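>>> Here is the input, now give the coordinates:
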Amino acid sequence: QVQLVESGGGLVQAGGSLRLSCAASGRTFSGYVLGWFRQASGKEREFVASISWSVGITYYADSLKGRFTISRDNAKSTVYLQMNSLKPEDTAVYYCALARDYGLRRPSEYTYWGQGTQVTVSS
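The predicted model follows:
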């Protein structure tokens with residue numbers, strides 16, 4: 001059974017940084033893509049970034065490119081989201097999710113989801 005467990009969220013001041021982790025287990029992930037999404041209170045879940053396990057192809061939401069970086073450690077089956085220059089509008093629950101194809105940006109296209117981790121950016 002696939003399990004995705006996020007960690008690393010917390011409270012940070014504007015301008016600060018956080019690194020989120022998503023530990024995956026339950027199968028071999030070669031050929032899969034791991035994505036990060038976020039959902040602010042009262043808003044729809046939105047795509048943040050994704051990376052392919054095998055070759056490391058990455059995609060980013062245009063608005064976040066340059067501040068957020070996604071990476072992976074295949075040996076640890078863990079994907080990271082480094083978030084820099086955080087802003088109050090980055091406040092949200094951040095989720096990781098698994099899909100079978102590159103470049104997918106809609107939540108409905110992802111099959112497995114973690115429970116989420118809260119990121120709060122204070123001004």
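
>>> ok, what's across the strand from S71?
S71 has the following beta-bridge partners by DSSP bridges: Y80.

>>> Now do it against A14, distance only.
Applying Cβ to Cβ, to the nearest Å, the value for S71 to A14 is 24 Å. Where C-beta positions appear, they are placed from N, C-alpha and C, glycine not excepted.

>>> got it, and V5?
Applying Cβ to Cβ, the value for V5 to A14 is 27 Å.

>>> Count the neighbours of the closest residue to S30 other than its chain neighbours for me.
Leaving aside its sequence neighbours, S30 sits nearest to S54 (Cβ to Cβ, 6 or more residues apart in numbering; 5.2 Å). Applying other Cβ atoms under 10 Å, we find 13 residues neighbouring S54.

>>> before we move on, what about M83?
When neighbours are defined as other Cβ under 10 Å, M83 has 26 of them.

>>> got it, and V33?
V33 has 24 neighbours, counted by other Cβ under 10 Å.

>>> ok, now the one 4 residues further on?
Other residues lying near F37 total 25 when counted by other Cβ under 10 Å.
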